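> Structure for this input, please:
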Amino acid sequence: MLSTILFAIPLLGSAVAACTAQQRINYSSMVPYAYSQPDPVSTYNAFNAIPFGVPDHNGSCGTVIYPNGGGPVPVAVTGNGVVNFGTETRQVFSKVTGVYKDFGANGTTVIYTNVTLGVQSLVPVPVTFSGQVYVDFNNDCRISAVRAYAEIPTYINGVPVDIYQLLPIPKIPGVI
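Below is the predicted model of the structure:
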């Protein structure tokens with residue numbers, strides 16, 4: 001009897017799902033792919049294929065943007081909200097890039113991105129902003145939260161800019 005119990009213990013532990021670094025990077029890379037789709041329906045379908053929300057798209061996925069070092073701007077609270085936000089914002093982005101780094105110890109992948117404004121991929125506007133998008137995964141590879149830190153704008157006509165030198169506005173103090 002004891003040997004049966006001892007044999008079963010390792011099997012119980014191996015039943016727990018683990019989200020690998022490669023899986024997190026693969027799902028994160030689907031975000032720039034979704035932003036490259038040619039029309040709203042394709043964009044929606046591509047975002048909908050990303051596992052936003054716990055336990056499903058109807059579940060929690062708090063998503064915030066921190067523009068220019070300022071405080072958080074909430075844009076979605078569920079997976080469906082993130083899908084809709086991505087589909088809507090796609091309409092004003094002409095190009096989105098991505099370079100990925102995974103932090104295995106905490107289940108987070110960061111997307112280093114440059115976003116060029118415009119009308120889908122048709123009419124680029126020569127304004128680009130840079131961002132770091134932190135995507136938090138659970139053990140089942142569902143995305144539980146997204147935090148985006150954006151510096152807007154970063155480039156105008158390909159030339160680096162400092163928004164605080166460009167416009168007569170005070171620098172936004174950091175939140176930390």
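> got any ranges where the protein has weak pLDDT?
Where the chain drops to pLDDT under 70, the residues are 1-17, 120-121, 163-176.
> how about a cut-off of 50?
Within the chain, the stretches with pLDDT under 50 are 1-16, 175-176.
> the helices in it, which residues?
Under the criterion DSSP state H, the chain carries helices at the ranges 2-14, 21-35, 40-48, 79-90, 163-166.
> The second one vs helix 40-48, what angle?
In this structure, helix 21-35 runs at an angle of 160 degrees to helix 40-48, with axes from the mean of the first three to the mean of the last three C-alpha atoms, to 10 degrees as the basis.
> if I look at the nearest residue to His57 once chain neighbours are set aside, how far off is Thr89?
Counting by C-beta to C-beta, 6 or more residues apart in numbering, Gly79 is the residue found nearest to His57 once chain neighbours are left out, at 3.7 Å. Any C-beta I mention is one placed from the backbone N, CA and C, and that applies to glycine too. Shown here: Gly79 relative to Thr89, a distance of 16 Å by C-beta to C-beta, to the nearest Å.
> Among those two, which residue is more densely surrounded?
Counted by other C-beta atoms under 10 Å, Gly79 and Thr89 do not tie: Gly79 has more neighbours, with 26 against 14.
> do you know how far the more buried one is from Val159?
Gly79 is 38 Å from Val159, where distance means C-beta to C-beta.
> again with Ser60
Where Val159 is concerned, Ser60 sits at a distance of 41 Å (C-beta to C-beta).
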